[in-house]
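> Sequence and computational prediction follow.
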Amino acid sequence: MSDAARGESGQPGPTDRQPGVREREATLARLQGGLIVSCQAPEGDPLHGPHFMAEMARAAWLGGAAGIRANSGPDIRAIRQAVPLPVLGIVKRHYPGSPVYITPTLGEAEEAVRAGADVLALDGTARPRPDGVGLERLVEAIRARWAIPLMADVGSVEEGLAAARLGFDLVATTLVGYTDDHPPLGYEPDFDVVARMIDEVTGRLGVPVVVEGHIWEPEQAARCLELGAFAVVVGSAITRPHLITRRFVQAIDVARARVARERVR
Ligand SMILES: CC(=O)N[C@H](C=O)[C@@H](O)[C@H](O)[C@H](O)COP(=O)(O)O
């Protein structure tokens, strides 16, 4: 959301100037067919904090990223100042007893919008939210306040269809492998789910699908786009050095064990 859209007080609300249809369409057009780099480092991570995330976003921008996904008001604000790219904003917050943590309530939505998110992403599953407000009502409340494109992070094709019917501008596969609907995934997205999501959500309902999560190779990202994805989001494989290191170490450990076995024979 542009500074003008946040109004003179800096406090967005129903009366603030909002991005027009053209501005929203322009934001989505900039993301279409591109790589969105998720720059996130949770507390405890060596790169945690807005300074590191802004620099990470700058590196992604230099590499040709079309957009950035970022978590928390401070990170979104810093990244927005650092790079001229659309920011998909989320605020992750864990509430006791609630499985929903990606922009779970209106409060987190407000934090992301105030920080300058150009697209707001939120958990688009039907799972219970910490404040008991259902997804449909939350979407209504957000829409009543801000004219910002909304992206639903879902864990199944059914949830993708439901989110598309609720009027989300984008549906993302972010939570596939993280809910009860699907076993955990490794270093590859579930391409069956990706293909079905695109067929159903984009093919039948005309809502663009973003493939996010478990993309570790450039070829996987390219395959998603060939299948008809609107854009792809890559996080860990680009912005989480300790996970990238671990992958190399695991491969080396496997090779070392194999060599040792062959020597014994
Ligand atoms: C499930 C969940 O909370 N996903 C989060 C969403 O914001 C991030 O932790 C992921 O890093 C992001 O989705 C990108 O995925 P990957 O890091 O696999 O490229």
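Here it is on my side, so go on.
> What strand or helix carries the nearest residue to Thr105 once chain neighbours are set aside?
Take Thr105 and drop its neighbours on the chain: the residue closest to it by C-beta to C-beta, 6 or more residues apart in numbering is Asp131, 5.0 Å away. In this view, the C-beta of every residue, glycine as well, is placed from N, C-alpha and C. Asp131 belongs to no helix or strand when assigned by DSSP states H and E.
> What parts of this structure come near the ligand?
38, 40, 90, 102, 174-175, 178, 212-215, 233-237 (C-beta under 6 Å from any ligand atom).
> got a winner among those for most neighbours?
Highest neighbour count within the residues of the chain next to the ligand, by other C-beta atoms under 10 Å: Ile90, with 30 neighbours.
> Please name the residues that touch that one.
By C-beta atoms under 8 Å, 6 or more residues apart in numbering, the residues touching Ile90 are 69-71, 102-103, 108, 112, 120-122, 153.
> Please name the residues that touch the closest residue to Val201 other than its chain neighbours.
Using C-beta to C-beta, 6+ apart and skipping the chain neighbours, the partner closest in space to Val201 is Gly160 (4.5 Å). By C-beta under 8 Å, 6+ apart, Gly160 lies in contact with 124, 152, 154, 171, 173, 197, 200-201, 209.
> Take those and keep only those in helices.
Met197 (DSSP state H).
> how deep is Arg246 tucked in, by neighbour count?
Around Arg246 there are 11 residues (other C-beta under 10 Å).
> which SSE is it in?
With DSSP H and E as criterion, Arg246 is part of helix 241-264.
> what about that helix, distance to the chain center?
For helix 241-264, the separation from the chain centroid amounts to 31 Å (computed by C-alpha atoms, centre = their mean, to the nearest Å).
> how much space between the closest residue to Phe52 other than its chain neighbours and Pro19?
Nearest non-adjacent residue to Phe52, counting by C-beta to C-beta, 6+ apart: Ala41, 6.3 Å away. Per C-beta to C-beta, to the nearest Å, Ala41 is found 28 Å from Pro19.
> for the residue of the chain found nearest the ligand, what are its contacts?
The chain approaches the ligand most closely through Gly235 (3.0 Å), counting by C-beta to the nearest ligand atom. Residues near Gly235 by C-beta under 8 Å, 6+ apart: 37-40, 69, 212-213.
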